[in-house]
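Participant: Quick one, what's the 3D model for this:
(2 chains)
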Amino acid sequence: MNPSRDGGRRPPRVGGVLDADLPAVRPAAAAWLARGFRPLEALFNRVYGSRWNPLYKSGPLAILFLLVTLVTGVYLFIFYKVADPYGSVARLDATWLGSLVRSLHRYAADLAVVAIAIHALKMLLAGRTWGPRSLAWRSGLVLLGGVLFCGWTGLVMAWDVQGQWIAWEGARLLDLLPVLSEPISRSFVRPGSVDRPFFFTNLFLHVALPLGVAGLLWVHASRVARPEMLPPRKMMVWTLVLLGALSILVPVPLPPEADLLARPVDVPLDVFYAFWLPVARALPAWGHLALWVAVALVLFSLPAWWRPRRAVLPASSVDESRCTGCSTCYEDCPFDAIAMVERAEPSSLSLTVARVDPELCVSCGICSGSCAPMGVGPPNRTGREQLGRVRDFVAAHDDLAGRVAVVSCRHAFDGVTDGALDRALRGDDGSFVLTSGCPGSVHTSSLEALLSHGAAGVFVLTCPPRDCLYREGPKWLEQRIYFEREAELQSRVDRRRVRIAAFGPGEAARAADAIEAFERDLAATKLEDGALDAGAQECDVRDAYVEEVV
Amino acid sequence: MRPSTVLTRVVQAAFTVLVLGVVVVLGQVPWGSSTGEAVLRLALRTVHGKVEVCRERSAEELATLPQHMRQEEVCDSYPVSYRLRVELDGRLLADETIEPGGLRRDRPHNVDREFTVDSGVSRLVVSFRPETPDAGIPGKEAPEVEAELAALPRYEMAREVRLAPDRVTLVYLDDASGSLDLVQD
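Facilitator: Have a look, this model is predicted:
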């Protein structure tokens, strides 16, 4: 029965909170700006589906593109001559393979900047730039600077009309710094004045900087557990195929050779790297330098002021009297914020106990979901407290029996607003919706409690796993439901009554359809009221899930 | 394959081509257009920008110094500014003081200027000459300073030049040439 489609009156929906009312994780401005980005994200979701949305893999894709530039760069390096930069590139470009490799190199470099920019923008809009994530933000900016500088030296290497302007305007900036005894921009004023040592230095920088970029990548990913350095294999293969096809079908043309006695007329500008050239030509050198300094200051200081004004989420803590030293929370923490240490006081429970580093904890609550004895989690959000809320909820809603309870990540659909969730559930016949901070923080006992108190099924609505605000929430919940990861959903629970599905912006209608389909499936299986015994069904449901999702 | 799946694949392919097309286009956006104007560029450098004031050390002064540092004459250098003046067809393009480079003003004078001008044949007058310091030079009388400045090289150019549209005409000076050179196509 779908009241919104048959013209009937839509019944009121019942909402609740599973793991406490949480303050915002990002500044209000970020939420406002995110609304502008959401249509693009939704468009990509509609076309590719959230599972294959490249916007959600911008970081690993950037690394993939940089690896392509590294591999193709080795080939180009063999043929490059500092004594004849343009000539050597032109000769290489005249061959089919040379043109292909050069195009691959250039397109991959361009796409790396696009991927990095999207990655940074997503982090900015999601509020993932402050607190323990400041290091990743700042090291990411340095990485971006390194990649851009690599690109500039690469474009200068070819010594075409674009390279000459990058070299000259870059030199003018450097001349403003009172560290060089002679202005280097003087090297670019007359034909024949650019000599071999310049191209050798430029080549050295172009080759050496990627090593620094690799080192910085390590710093960038050092604050997270299990950093994802490459996209999933299928996405990686398709990306490389598309990159190859693009390079074959639309090879990058080689612009005319540098002409130091020409004004810039129809210079083919690579906007991804040389976006600043028109600004540089329009401004005096000091104004151009001031602009760069201002942008850098704003971006580097961002973690200090781009954060919620209200009190931030408190870090997790461990109830040592319940900790069994199983180390699951230590393994599941996506931010390496938990360590296993020896107990101060001897205990029959274990030799070691979990300890949370509040400097690293982002208060995602994933440890709450990982702890079978419910001894760890942020204040007021442990498994035990979730269970208490479920009990209060079912006590207040005796009409839950026979209906579906939807447990939704409050960040789903880049939501943070219930309005987005409303849209997702449009047409739903009055589901009971409980929001959680992150699906990874949902304790499986809470799901079981909803079922044991009469709900016909529990539908867990998550963000796309590749876009999880806390990186691994949906992944861990999946494993706890279907793969017996510690703190697992008990085997007595019929898996047919639990479903987990991920949807991003633009997929609200699909989310609503999925909930309806779940309701239909529940009706078709004719489960006995209150039956929790899964028996042989568990394996079948898990296999079906693996086939469909994993 | 179901029709809906085929349609999805077609939409995905078309969208991917569109996105990659945007990347290709943004990778080579034409920048700058022909305005028919010419550029007059000045790139000047000279090391002759200082006046030295020398004096003899007294015997007492020398006696206080270690053996290996007893140089009888010591000289202090004072930077001298140059005056740059550029005229094109009688129109003044630049008239400014050029200080020596470096934080201590002990590096060569460098000029890097560009002027966008009308193309065509024009009369160009450039002068780059030492400037008398307003405050004088300690330890030297005014006539002495004038004499010192007169000994420094001064550079002049006055000639007809053909300024080609969208091209750069370069007035170049370095100490190897010792004179203002005109560099053109």
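Participant: As a check, name the ranges of all strands in chain B.
Facilitator: B:29-31, B:37-46, B:50-56, B:73-79, B:82-88, B:91-98, B:109-118, B:120-130, B:155-163, B:168-173, B:181-183 (DSSP state E).
Participant: need those strands in TSV with distance to chain A, mean pLDDT and mean neighbour count, can you?
Facilitator: C-betas here are computed from N, CA, C, even on glycine. Below are the strands of chain B laid out as TSV (distance: least, CB to the nearest CB, whole Å; pLDDT from 0 to 100; neighbours: other CB atoms under 10 Å in any protein chain shown):
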stretch	distance to chain A	mean pLDDT	mean neighbour count
strand B:29-31	4	96	15
strand B:37-46	4	94	20
strand B:50-56	15	83	13
strand B:73-79	15	85	13
strand B:82-88	15	96	19
strand B:91-98	12	95	13
strand B:109-118	5	93	17
strand B:120-130	15	95	17
strand B:155-163	12	95	14
strand B:168-173	4	95	21
strand B:181-183	5	93	15
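Participant: Hmm, residue A:264 and residue B:167 touching each other?
Facilitator: No - contact criterion CB atoms under 8 Å: residue B:167 and residue A:264 do not qualify, at 11.9 Å.
Participant: just to revisit the earlier point, can you tell me which of the strands of chain B comes nearest to residue A:239?
Facilitator: strand B:29-31 (23.9 Å; CB to CB).
Participant: tell me how far that closest one is from the chain's mean position?
Facilitator: Distance of strand B:29-31 from its chain centroid, counting by CA atoms, centre = their mean, to the nearest Å, is 28 Å.
Participant: likewise stretch A:470-480?
Facilitator: On CA atoms, centre = their mean, the centre of stretch A:470-480 falls 14 Å from that of its chain.
Participant: could you give me the average pLDDT of that stretch?
Facilitator: For stretch A:470-480, the mean per-residue pLDDT is 93.
Participant: go on, stretch A:299-313?
Facilitator: Mean predicted lDDT for stretch A:299-313 stands at 86.
Participant: do the same with stretch A:121-139
Facilitator: Here the average pLDDT along stretch A:121-139 is 91.
Participant: where along the stretch 151-300 of chain A do the helices fall?
Facilitator: A:161-176, A:196-220, A:233-249, A:271-274, A:277-282, A:285-305 (DSSP state H, counting those that start in this stretch).
Participant: What helices and strands are in contact with the fourth one?
Facilitator: In terms of contact count using 3 or more CB pairs under 8 Å, 6 or more residues apart in numbering or on different chains; DSSP states H and E, helix A:271-274 is assigned the packing partners helix A:96-126, helix A:134-157, helix A:161-176.
Participant: Those helices: which one's closest to chain B?
Facilitator: Nearest of the helices and strands packed on helix A:271-274 to chain B, taken as CB to the nearest CB: helix A:96-126 at 5.2 Å.
Participant: quick one: is the closest one near chain B?
Facilitator: Yes - using CB under 8 Å from any CB of the partner chain, helix A:96-126 comes into contact with chain B via A:106-107, A:110-111, A:114.
Participant: one step back: closest one to residue A:318 among the strands of chain B?
Facilitator: strand B:29-31 (55.8 Å).
Participant: Please spell out which residues along whichever helix in chain B runs longest are buried.
Facilitator: Secondary structure of chain B read by DSSP state H shows that its longest helix is helix B:3-26. Using 16 or more other CB atoms under 10 Å in any protein chain shown as the test for burial, helix B:3-26 gives B:8, B:16, B:19-20, B:23-24.
Participant: Would you mind giving the secondary structure of residue A:451?
Facilitator: Of the three states, residue A:451 takes helix under DSSP: H, G, I helix; E, B strand; the rest coil.
Participant: contacting residues for it?
Facilitator: A:457-458, A:493, A:497-498, A:532 (CB atoms under 8 Å, 6 or more residues apart in numbering or on different chains).
Participant: repeat for residue B:85
Facilitator: Residue B:85 touches B:92, B:94-95, B:125-128, counting by CB under 8 Å, 6+ apart.
Participant: returning to what we had before: farthest pair within the buried residues of helix B:3-26?
Facilitator: Top of the distance list for those (CB to CB): B:8 and B:24, 24.4 Å.
Participant: Alongside chain B, which residues does the stretch 251-400 of chain A contribute?
Facilitator: Going by CB under 8 Å from any CB, the residues of the stretch 251-400 of chain A near chain B are A:252-253, A:260-272, A:274, A:277-278.
Participant: picking that back up, check the buried residues of helix B:3-26 against residue B:53 and report the nearest one.
Facilitator: Taking CB to CB as the measure, residue B:53 sits nearest to residue B:23 out of those, at 63.9 Å.
Participant: Where does confidence bottom out across the buried residues of helix B:3-26?
Facilitator: residue B:8 (89).
Participant: What count of nearby residues applies to the residue nearest to residue A:435 when sequence neighbours are not counted?
Facilitator: Of all residues not flanking residue A:435 in the chain, residue A:410 sits nearest, at 4.3 Å (CB to CB, 6 or more residues apart in numbering or on different chains). Residue A:410 has 23 neighbouring residues, counting by other CB atoms under 10 Å in any protein chain shown.
Participant: residues in contact with residue A:410?
Facilitator: With CB under 8 Å, 6+ apart, residue A:410 has these contacts: A:22, A:416, A:435-437.
Participant: Quick check: the farthest pair among those?
Facilitator: A:416 and A:436 (12.9 Å).
Participant: Mind checking which of these two has more residues around it?
Facilitator: Comparing residue A:416 with residue A:436 by neighbour count (other CB under 10 Å), the higher total belongs to residue A:436, at 31 against 21.
Participant: Would you check how far apart the more buried one and chain B are?
Facilitator: Distance, residue A:436 to chain B, by CB to the nearest CB, to the nearest Å: 31 Å.
Participant: Report the contact partners of residue 139.
Facilitator: Chain wasn't specified; assuming chain A. By CB under 8 Å, 6+ apart, residue A:139 lies in contact with A:216, A:219-220.
Participant: wrong one, I was asking about chain B
Facilitator: So residue B:139 contacts B:53, B:55, B:76 (CB under 8 Å, 6+ apart).
Participant: where's residue A:509, which helix or strand?
Facilitator: Using DSSP states H and E, residue A:509 falls within helix A:508-525.
Participant: For that helix, buried residues please.
Facilitator: A:508, A:510-512, A:514-516, A:518-519, A:522.
Participant: how deep is the closest residue to residue B:146 other than its chain neighbours tucked in, by neighbour count?
Facilitator: Setting aside the residues directly before and after it, residue B:146 is nearest to residue B:132 in space (CB to CB, 6+ apart), at 6.9 Å. The tally of other residues near residue B:132 (other CB under 10 Å) stands at 13.
Participant: one step back: is it possible to export the residues of helix A:96-126 next to chain B to a markdown table including distance to residue A:131?
Facilitator: Shown next, in a markdown table, are the residues of helix A:96-126 next to chain B (distance: CB to CB, whole Å):
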| residue | distance to residue A:131 |
| --- | --- |
| A:106 | 38 |
| A:107 | 36 |
| A:110 | 33 |
| A:111 | 30 |
| A:114 | 28 |
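Participant: if I look at the residue of the stretch 1-150 of chain A found nearest chain B, how far off is residue A:56?
Facilitator: Closest approach between the stretch 1-150 of chain A and chain B, counting by CB to the nearest CB: residue A:47, at 4.6 Å. Distance from residue A:47 to residue A:56, counting by CB to CB, to the nearest Å: 13 Å.
Participant: I'm done for today, thanks for sticking with me.
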